[in-house]
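Participant: The sequence and its predicted three-dimensional model are supplied below.
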Amino acid sequence: MRSHTRSTATRLAVSILGVALAGSGLASAHVQYVTDSGERGDPIAFLVGALSAPMVVIPLVLGGVVVLGSMGGYLWRKPLRADIRAIRRELSNYVDLLPWLLRLGIGLPMVGAGFAGYLFTPLVTTADTAVPVRLFGVAIGFMLLFGLATRFVAAAGLAAYVALLPLHPSMFFAFEYSAGLLAIVLVGGGRPSADHVIAKMAANEETVYSRFDPFYRRIAVPFGDRVDPYRKFVPTVIRLGMGVVFAYLAFAEKLLVPERALAVVEQYGLSTLLPVPPELWVLGASLTELFLGVLLVVGFFTRASSAAAFVVFTTTLFGLPDDPVLAHVSLFGLVSALLVTGAGPLAIDTAVFRAPNEMGVPGAGDRSDADARTTPTATEATAGRSTGGTDR
């Protein structure tokens, strides 16, 4: 009897460890990228069967209690206040590099996608569309990396994504591109960028270039003036984009197609790696993605959720070697941006933590590129106050 009890306890402990690792992302990859399984499975039958197994339900419940209890305990006791305050302050001090971070996070995977011959997602290849995929991806990507005509290029990429999405619904698996491109439209090229250098030359009346440039005063400055009031919503845009992606992947790649998700577990021997039911891997990964997605959408524990997402992406790359690295670069870039900005406006964090630098108002991106003034604008002053405040 004692032996049976001890064996059950051992299996339970291993199961809890398994769901923790599943939650960290090993089974939370883009499923369709790594398996050719055409079977979708019955979602209702899968859930009924999985939730009737104690070795699946108990670890999930315990894991949920631990996570929610930790969040509640943090809000109640608020440990390590000075450390967390210092981390927030230092991260928000990088806000002037946000345009560069976004350009790298979107530009690099677009260049890679172009050379690899797919459009935004590996699920839409050159053979699937009439769009000149290689030229499109490489041109948009390199222009973003150089920071040349940044806002125009980002707007063109965003317009192409929106226009092509109804024709290629699989592009919704790369919905984060829409958020990233819109964020770049709002913040501009920043520095370092070609736009910044050109704007400085155009603003200097002593240069020959300033006499001939038709773009600077007629287009860049007026557009910068119009966009400035919306710059503060960049964290909100990124949160919503990332949150939607997480929730969509949880349903579209796992809960609604359980056979494909189970095929990934079998293909990589995850249940052999840790002797837990395959259903636990699938449910653990999907519930983790769904939970992170909800937290990001509502802006609750935003930086912690972003850090957790970073761990998910990293473990996925190591755990599932067939999952294309380029398909994750944009995700890495956007969650890194949220680590810098925090939740931004329209978020629970700003109401609960009441931290001035949790607002994450991006500093002037290419506002300085547009008018090259040394005097801060109203938005820049607001950003300065928001990043230099003291947490409470």
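Facilitator: Received the coordinates, thanks.

Participant: where along the stretch 101-250 of the chain do the strands fall?
Facilitator: Residue ranges of the strands in the stretch 101-250 of the chain, as given by DSSP state E, counting those that start in this stretch, are 118-119, 121-125.

Participant: nearest to V56, of those strands?
Facilitator: With Cβ to Cβ as the criterion, V56 lies closest to strand 121-125 of those, at 29.6 Å. Glycine gets a C-beta too; all of them are placed from N, C-alpha and C.

Participant: then that closest one to PDB, C-alphas only?
Facilitator: Output of strand 121-125 as PDB, limited to C-alpha atoms (Å, rounded to 0.1, in the frame of the first residue of the first chain):
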ATOM      1  CA  THR A 121       4.600  33.200 -42.300                       C
ATOM      2  CA  PRO A 122       6.200  30.000 -43.600                       C
ATOM      3  CA  LEU A 123       2.600  28.800 -44.300                       C
ATOM      4  CA  VAL A 124       2.300  31.200 -47.300                       C
ATOM      5  CA  THR A 125       5.100  30.500 -49.800                       C
END
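
Participant: How far away from the center of its chain is that strand?
Facilitator: Once both centres are worked out by Cα atoms, centre = their mean, to the nearest Å, strand 121-125 turns out to sit 19 Å from its chain's centre.

Participant: and what of stretch 260-270?
Facilitator: 25 Å.

Participant: Would you indicate which residues of that stretch are buried?
Facilitator: R260, A261, L262, A263, V264, V265, Y268, L270 (16 or more other Cβ atoms under 10 Å).

Participant: Quickly find the element holding the second one.
Facilitator: With elements taken from DSSP states H and E, the one containing A261 is helix 258-267.

Participant: Which elements pack onto that helix?
Facilitator: Under the contact criterion of 3 or more Cβ pairs under 8 Å, 6 or more residues apart in numbering; DSSP states H and E, helix 258-267 touches helix 31-34, helix 278-298.

Participant: okay, the angle between the last one and helix 258-267?
Facilitator: With axes from the mean of the first three to the mean of the last three Cα atoms, to 10 degrees as the criterion, the two stretches helix 278-298 and helix 258-267 enclose an angle of 110 degrees.

Participant: tell me the mean pLDDT for helix 278-298?
Facilitator: In this model, helix 278-298 carries a mean pLDDT of 90.

Participant: quick revisit: averaged pLDDT, the helix holding A261. What do you get?
Facilitator: 81.

Participant: count of residues packed around G284?
Facilitator: 28 (other Cβ atoms under 10 Å).

Participant: no no, E253
Facilitator: 23.

Participant: same check, this time on L158
Facilitator: Applying other Cβ under 10 Å, I find that L158 has 19 neighbouring residues.

Participant: mind checking the SS state of the nearest residue to I348 once chain neighbours are set aside?
Facilitator: With Cβ to Cβ, 6 or more residues apart in numbering as the criterion, I348 has its nearest non-adjacent residue at 4.2 Å, and that residue is F300. Put simply, F300 is coil when judged by DSSP: H, G, I helix; E, B strand; the rest coil.

Participant: Could you pull up the residues touching F300?
Facilitator: A343, A347, I348, D349, V352 (Cβ atoms under 8 Å, 6 or more residues apart in numbering).

Participant: Now render the residues you listed as a markdown table, adding secondary structure and pLDDT.
Facilitator: Formatted as a markdown table, the contacts of F300 follow (DSSP: H, G, I helix; E, B strand; the rest coil; pLDDT from 0 to 100):
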| residue | secondary structure | pLDDT |
| --- | --- | --- |
| A343 | coil | 87 |
| A347 | coil | 90 |
| I348 | helix | 90 |
| D349 | helix | 87 |
| V352 | helix | 73 |
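
Participant: Which of those residues are buried, as a ChimeraX select command?
Facilitator: Applying 16+ other Cβ under 10 Å to the contacts of F300 leaves a buried subset, and the ChimeraX line that selects it is:
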select :343,347,349
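
Participant: ok, the contacts of F300 vs T236, which is closest?
Facilitator: Of the contacts of F300, the one sitting nearest to T236 (Cβ to Cβ) turns out to be A347, at 7.1 Å.

Participant: That closest one: what's it in contact with?
Facilitator: Counting by Cβ under 8 Å, 6+ apart, A347 has contacts P235, T236, R239, V298, G299, F300, T302.

Participant: Could you pull up phi and psi at it?
Facilitator: phi -140, psi 150 (degrees, to the nearest 10).

Participant: any weak-confidence spans in this protein?
Facilitator: Flagging of the chain using pLDDT under 70 yields the residue ranges 1-38, 270-271, 318-327, 353-392.

Participant: what about 80?
Facilitator: Applying pLDDT under 80 to the chain flags residues 1-41, 213-218, 220-221, 224, 264-276, 314-328, 351-392.

Participant: Can you give me the buried ones in the helix or strand where L60 lies?
Facilitator: Using DSSP H and E, L60 sits within helix 54-77. By neighbour count with 16+ other Cβ under 10 Å, helix 54-77 contains the buried residues M55, V56, V57, P59, L60, G63, V67.

Participant: what two of those residues have the greatest distance between them?
Facilitator: Farthest pair in those, by Cβ to Cβ: M55 and V67, 19.4 Å.

Participant: picking that back up, can you say which of the helices and strands packed on helix 258-267 is nearest to G105?
Facilitator: helix 278-298 (15.9 Å).

Participant: buried set for the closest one?
Facilitator: 278-293, 295-298.

Participant: Helices of the stretch 201-350 of the chain, residue ranges please.
Facilitator: Applying DSSP state H, counting those that start in this stretch to the stretch 201-350 of the chain gives helices spanning 221-227, 234-250, 258-267, 270-273, 278-298, 302-319, 326-341, 348-352.

Participant: right, so of these, which gets closest to P122?
Facilitator: helix 326-341 (5.9 Å).

Participant: distance between the closest one and the chain's centre?
Facilitator: Counting by Cα atoms, centre = their mean, helix 326-341 comes out at 5 Å from the chain centroid.

Participant: what packs against that helix?
Facilitator: So helix 326-341, by 3+ Cβ pairs under 8 Å, 6+ apart, packs with helix 81-92, helix 98-116, helix 176-187, helix 234-250, helix 302-319.
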